[in-house]
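> Any chance you can model this:
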Amino acid sequence: MIAKMRRAITDPDSYETEVTDITIVYNFEEVTEDSLRYINKSLINSSAIASETDEIWFYSYMRNTEEEDTIYEAITEEMKSNILSDKLEYKFKAIPRVDFKTYAENLIDERQ
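The predicted structure is shown next:
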């Protein structure tokens, strides 16, 4: 899933406003180097990353384990240094995947 956002930051001293166009990518699939390469290539080929985009934020939903965190960090560092454009700023964020049923069950248990 892809979203676009525009962020405006105004300097309180000069009142100048800096506008940043951001493309946000939500990845719900398994995080591998190939999957992130595919997403990046798809963005470029589909013009989702227009020339006005300044930053690209990747949010990947994954199980919150130490092993997955280590793998994710290694993959994103490899991508930043060897694959991605140096003209754009990339940010990567792993978001814990939550099982709704388990979460809801915990809420019921807490009320009792």
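
> all helices of the chain, in order?
Assigned by DSSP state H, the chain shows helices spanning 33-45, 66-82, 100-111.

> Would you convert those into CSV that also reports distance to Thr23, mean neighbour count and mean pLDDT?
From N, CA and C alone the C-beta is placed, and that goes for glycine too. Listed next are the helices of the chain as CSV, based on distance: least, Cβ to Cβ, whole Å; neighbours: other Cβ atoms under 10 Å; pLDDT from 0 to 100:
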stretch, distance to Thr23, mean neighbour count, mean pLDDT
helix 33-45, 7, 14, 77
helix 66-82, 15, 13, 76
helix 100-111, 28, 8, 62
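
> how about those helices in CSV, adding distance to Trp57?
Formatted as CSV, these follow (distance: least, Cβ to Cβ, whole Å):
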stretch, distance to Trp57
helix 33-45, 12
helix 66-82, 12
helix 100-111, 24
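
> how far out from the middle of the chain is stretch 13-31?
Its chain's C-alpha centre lies 10 Å from the corresponding centre of stretch 13-31 when counted by Cα atoms, centre = their mean, to the nearest Å.

> any idea which strand is longest in the chain?
The single longest strand within the chain, with elements called by DSSP state E, is strand 17-27.

> for the record, mean pLDDT for that strand?
For strand 17-27, the mean pLDDT works out to 85.

> is the spatially most central residue of the chain in a bridge, and if so with what?
Nearest to the geometric centre of the chain sits Phe58, at 1.7 Å (Cα atoms, centre = their mean). Note on Phe58: beta-bridge partners Val25, Phe92, judged by DSSP bridges.
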